[in-house]
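> no sequence for this one, just the structure:
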């Protein structure tokens, strides 16, 4: 994050370029008297060009930390508050449902009022959600806690659009680099969120109430940083074209493949990840520390490959990256069927995270190539609605599955969406 402060405060150009070179494929690392020096062929203006991208990355890291926090403790709190054990994962599922319902309002708000105002409004929703969650714990109300989770999901719908805002801040050919920087912000959120859960666990006499207070501070800080955000000028210049009818847009196999890649990425990941804390902590008796470590490692694995985005696309291509993602999901199932130890869960969730990254990044990169001018908001809303609606179904199903089925059966059910993605790849044989 030195990169952000150096860039945003117009710090040393040498250090600024040194940090940003990690996102360039042909960067070379050298050591001189204990100092790290990066050499690369990126243009010198990359720092100022990516100024807003770094700011958005920091905002994303802070605001999105509430999601992994809820992923870790949501089902555990649900198991304590719910009258029926099968409803334990309901808070996490409703967060995803909220995200699905929030996509369309977020997209329309950005089209009408602009990115900045919409981001600020949804950040306010995040503050409201975390305060409601803390109050729900104080009252012991499962219903109110579920409602707060849904509101948090709605807030997340706008935060997920940050990747598109970042891509608009740079020339089209540098869009994947901007997206990868935003994805890397998830690494910070992956560790910050679960740590917030444990830091706040005993801040108040009500367990975990303080965790949501920390989440509120995160959203408030993100809102303050958004005051410095200046949307790209071209954002307001891309609406002149007339969007085609939805049926005509969906006749494009590339759009279907992009949506399928993101949807399968989230369905498999959410189904397995949502069930993991209950399976580890409640069914297998592993400690909260072990469970936290596995979830943190999983979320880090979701975003760390983004550091190698340029190399991955050069080595695999979009289509190859999708196939590699499916291969990682296959390894997740194999490890899960053979090893139920803490390290076995760790291996499963790490491969699950890498597979998610490959499929989601490939789908995100393909999406801008699959629609025409003036259709970006319609296509982005359609894509995210498909993704988060399917993810909501997967999260809701996970609670029922983990209470009725064995862990091995849960993993085998993941073969269905994997088979659907293979079918989408077979239908679209275009070289990508």
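Yep, it's here. Just so it is clear, the model here is predicted, and its values are computed rather than measured. Numbers count the residues shown, from 1 in each chain.

> Might you report the residue contacts of residue 53?
Residue 53 makes contact with 166, 169-170, 178, 181-182 under the criterion C-beta atoms under 8 Å, 6 or more residues apart in numbering. For glycine as for every other residue, the C-beta is placed from the backbone atoms N, C-alpha and C.

> what about the nearest residue to residue 305 once chain neighbours are set aside, helix or strand, and which?
Nearest residue to residue 305 in three dimensions, chain neighbours excluded: residue 357, at 4.5 Å (C-beta to C-beta, 6 or more residues apart in numbering). Element membership of residue 357, judged by DSSP states H and E, is helix 342-366.

> Quick one: name whatever helix or strand follows that helix.
helix 376-404.

> I'd like the average pLDDT over whichever helix or strand comes after that following helix.
Going down the chain from helix 376-404, the next helix or strand is helix 407-413, by DSSP H and E. Across helix 407-413, pLDDT averages out at 93.

> buried set for helix 407-413?
Across helix 407-413, burial judged by 16 or more other C-beta atoms under 10 Å covers 407, 410-411, 413.

> so what does that helix touch, helix or strand wise?
helix 253-277, helix 309-338, helix 376-404 (3 or more C-beta pairs under 8 Å, 6 or more residues apart in numbering; DSSP states H and E).

> so where's the protein shaky on pLDDT?
1-48, 233-243, 373-374, 430-432 (pLDDT under 70).

> 50 instead, please
1-46, 235-240 (pLDDT under 50).

> How about residue 114, nearest residue that isn't a chain neighbour?
Residue 114 sits nearest to residue 231 (C-beta to C-beta, 6+ apart), 5.9 Å away.

> Format the helices and strands packed on helix 407-413 as JSON lines; extra columns: distance to residue 227.
Output for those, formatted as JSON lines (distance: least, C-beta to C-beta, whole Å):
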{"stretch": "helix 253-277", "distance to residue 227": "31"}
{"stretch": "helix 309-338", "distance to residue 227": "29"}
{"stretch": "helix 376-404", "distance to residue 227": "24"}
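
> between those helices, which gets nearest to residue 115?
helix 376-404 (10.9 Å; C-beta to C-beta).

> Helices of the stretch 1-150 of the chain, start to end?
With DSSP state H, counting those that start in this stretch as the criterion, the stretch 1-150 of the chain has helices at 2-8, 13-20, 46-49, 51-63, 66-81, 90-113, 115-139, 142-159.

> just how off-centre is stretch 178-188 within its chain?
Relative to its chain's centre, stretch 178-188 lies at 9 Å (C-alpha atoms, centre = their mean, to the nearest Å).

> ok, residue 366 touching residue 256?
No. Using C-beta atoms under 8 Å, residue 366 is not in contact with residue 256, being 10.3 Å away.

> still on that earlier bit, just so I know, which of the helices of the stretch 1-150 of the chain lies nearest residue 268?
With C-beta to C-beta, the closest approach to residue 268 among the helices of the stretch 1-150 of the chain belongs to helix 90-113: 13.6 Å.
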